[in-house]
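Trainee: Turn this into a model:
(one chain, ligands or ions: 1)
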Amino acid sequence: MFASQILASLLLAPLALAHYTLEYPTARGFIDEEEVNFCGGFAQPSSTRTSFPLSGNAPVRWDSHHAIGTVGIYISTSTNPSNWSDFSTTMAKSWFTGPNGAACTNIDMSKLNMNLTNGSLVTIQMVANGGDGNLYQCSDLILLSDYTVPSNETCATDVALAANATATATPSLGQSASAKASSTSGGATSAVASASSSAAASAGQKVGVASMGAWVGMGLALVGAGVAVL
Ligand SMILES: [Cu+2]
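Mentor: I've put the predicted structure just below:
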């Protein structure tokens, strides 16, 4: 009994690490424990939007670190979507079943009937549920009629087209940015996490800057703790 409990905790431990990362187009950012929140906890659009084709198949690529289950991709034409009502009921990609590990699917923006044009600013939000709840990642795009994705980013094996890819159940979307803001999460630990992550992200995720960001984050956490005491 005791041994099996230890075994169970060893098996469950990796679930807490890096549920999945949106690799292409560029995600707003990734913080493991924030991925349960709207846009993975990143409330602001990226300062640099990723160019994405207005028409023709273009890839969305991710890497899941455990069985991913149900996947769907939403789209918003708001320049600063802050809750689910800013996202269209027309999905950029309807629900399908994703595999373990690295995978991709294709989106043709011109086929969504959303009157998207050259220069449209949109945000896609990927929702994936691998059994430990909905996990969210966002990417901010500018749609261009003359843009071709890099040749190494084509998606030859679209997992949404696989014979067994049809999703039988769809996750219910509950999280919103406002719900997240009002929840009591974190304290000093989450302050460090978000400060280091945003510092690293704005500097193009350079390795040296990431550790500097951690020090900045620690300073902010100390300031935050001081304010809390006052
Ligand atoms: Cu997970």
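
Trainee: Counting neighbours, which bits of stretch 87-105 end up buried?
Mentor: Counting neighbours by 16 or more other C-beta atoms under 10 Å, one finds that the buried residues in stretch 87-105 are Phe87, Met91, Ala92, Lys93, Trp95, Phe96, Thr97, Gly98, Pro99, Ala103, Cys104, Thr105. The way it works is simple: take the backbone N, C-alpha and C, and place the C-beta from them, glycine included.

Trainee: ok, now stretch 39-50?
Mentor: Cys39, Gly40, Gly41, Phe42, Ala43, Pro45, Ser46, Arg49, Thr50.

Trainee: Would you agree the second one falls within a strand?
Mentor: In other words, Gly40. No. Counting by DSSP: H, G, I helix; E, B strand; the rest coil, Gly40 falls outside a strand, being helix.

Trainee: Pull out the buried positions in the longest strand belonging to the chain.
Mentor: If you go by DSSP state E, the chain has its longest strand at strand 134-144. Applying a neighbour-count criterion of 16+ other C-beta under 10 Å, one finds Asn134, Leu135, Tyr136, Gln137, Cys138, Ser139, Asp140, Leu141, Ile142, Leu143 buried in strand 134-144.

Trainee: partners of that strand, with directions?
Mentor: strand 50-53 (parallel), strand 121-129 (antiparallel) (DSSP bridges).

Trainee: Which pLDDT value belongs to the residue of the chain found nearest the ion?
Mentor: Distance from the ion to each residue of the chain (C-beta to the ion) is smallest for His19, at 3.3 Å. Here, the pLDDT recorded for His19 equals 93.

Trainee: And for it, the neighbour number?
Mentor: Neighbourhood size, His19 [other C-beta atoms under 10 Å]: 24.

Trainee: Give the bridge partners for Ala58, please.
Mentor: Assigned bridge partners for Ala58, using DSSP bridges, are Ile107.

Trainee: related to what we said a few turns ago, if I look at the residue nearest to the residue of the chain closest to the ion when sequence neighbours are not counted, how far off is Phe42?
Mentor: Closest residue to His19 apart from its sequence neighbours, by C-beta to C-beta, 6 or more residues apart in numbering: Leu135 at 4.8 Å. With distances taken as C-beta to C-beta, to the nearest Å, Leu135 is found 13 Å from Phe42.
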